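Engineer: Return atomic coordinates for the entry below.
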Amino acid sequence: MENVGEKIKQIRIKFEEELLGESPQFHPIDIERVRCEDWQIARYIINCNGDIDEAFRSLKRTLVWKNEIGLHQIDENYFPTEFYELYKVEKYGTDKCGRMIFTESFAKQRHYNELEQCFQLMVAVSMEKMDRLAGERGMTYVGDFTNTPIYRMDIGLARYRVDCLNNHFPLLAKKIILNNVPFVLKPILRLIVSFMAKNVENIVQYTTSDQLQTLIDWKYIPFEFGGPRNKRYYPLGTVPFHVCYTRFSVKPSFVQYFYRSNNLTLN
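Structural biologist: Predicted coordinates:
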């Protein structure tokens, strides 16, 4: 796309004018990024096919959203250890194009009304972290559905992931790999994929474990995904759910239910 550099300058002028008015508050981290990092603007210009006004509106929506949910006030250690271990949420390795890999598994996922906002926030925080690590190069997302029963699918959370990619992290995902999707789940996954923006939908690829190694180096593929790697790389500073549950406004009885429903021992 031509003249992206000039359009970046024009959007920065609009942005500074916005800061002088009675606009919604943006977080200082985001203000600094827009002022200093061309990619934070260019991604919206490209995603909006060069339309400066639409790109600026999209950028503003994201900055307001980040500030409203407090995205910069928490990090990955805010969430319990069990969330990472159950759902295999991990940022590790690179694909064969040199892009960082973000993985998660759906076999033990389930919907809890009490944790709906918490899980959404975890998705947003994970994407923000991945966005900062990957930069303009983008990421490869691997969602593993090995042995995932249909009743485990949290459709609302899946849609939230799609909305985040569509609206707030344009061009972050360069490849989306859906691995070992059971036959009964494919219609649901295809429906979810249909909600993706076309430039996101077009990078979705369905694989089986033996095909996965054509896209990702064998050494990076976890054992649960059919690979050789046993060690997992989850955030180091997390604590168990029963220690930090008050952060999520749930009752002790729910904590017990969470452990029982996931066959975990409450120590």
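
Engineer: Can you show me the helices along the chain?
Structural biologist: Assigned by DSSP state H, the chain shows helices spanning 4-20, 28-36, 39-47, 52-68, 81-87, 116-134, 155-167, 186-194, 198-201, 209-212, 241-244, 252-261.

Engineer: Please enumerate residues in contact with the third one?
Structural biologist: Helix 39-47 is contacted by residues 1, 4, 7-8, 11-12, 33-34, 52, 55-56, 58-59, 135-136, 170-171, 197, 199 when judged by C-beta atoms under 8 Å, 6 or more residues apart in numbering. In short, each C-beta sits where N, CA and C put it, glycine included.

Engineer: hang on, the earlier thing: out of the helices of the chain, which gets nearest to Met100?
Structural biologist: helix 116-134 (4.9 Å; C-beta to C-beta).

Engineer: How confident was the prediction at the spatially most central residue of the chain?
Structural biologist: For the chain, the residue nearest the mean C-alpha position is Met127 (3.4 Å; C-alpha atoms, centre = their mean). Met127 carries a pLDDT score of 97 in this model.

Engineer: Output the below-cut-off pLDDT ranges for the chain.
Structural biologist: Applying pLDDT under 70 to the chain flags the ranges 1-2, 22-24.

Engineer: Can you pull the domain assignment for it?
Structural biologist: 4-68, 76-261 (automatic domain parsing).

Engineer: Next, format those as JSON lines and append distance to Asn267.
Structural biologist: As requested, these are exported to JSON lines (distance: least, C-beta to C-beta, whole Å):
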{"stretch": "domain 4-68", "distance to Asn267": "36"}
{"stretch": "domain 76-261", "distance to Asn267": "8"}
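
Engineer: picking that back up, now that we have the contacts of helix 39-47, which of them are buried?
Structural biologist: Buried residues within these, defined by neighbour count using 16 or more other C-beta atoms under 10 Å: 7-8, 11-12, 33-34, 52, 55-56, 58-59, 170-171.

Engineer: Return the residues in contact with Thr207.
Structural biologist: Applying C-beta under 8 Å, 6+ apart, the residues contacting Thr207 are 177-180, 215.

Engineer: neighbours around Phe119, how many?
Structural biologist: The number of residues packed near Phe119 is 20, by other C-beta atoms under 10 Å.

Engineer: wait, what's in contact with it?
Structural biologist: 112, 154, 157.

Engineer: That one and Pro240, how far apart?
Structural biologist: Applying C-beta to C-beta, to the nearest Å, the value for Phe119 to Pro240 is 17 Å.

Engineer: are any of the contacts of Phe119 buried, and which?
Structural biologist: Among the contacts of Phe119, those scoring as buried are 154, 157 (criterion: 16+ other C-beta under 10 Å).

Engineer: From the opening residue of stretch 227-243 to its closing one, how far?
Structural biologist: Start-to-end span of stretch 227-243 (C-alpha to C-alpha, to the nearest Å) is 33 Å.

Engineer: That one: which residues count as buried?
Structural biologist: Residues of stretch 227-243 classed as buried: 227, 229, 235, 238, 241-242 (neighbour count, 16+ other C-beta under 10 Å).
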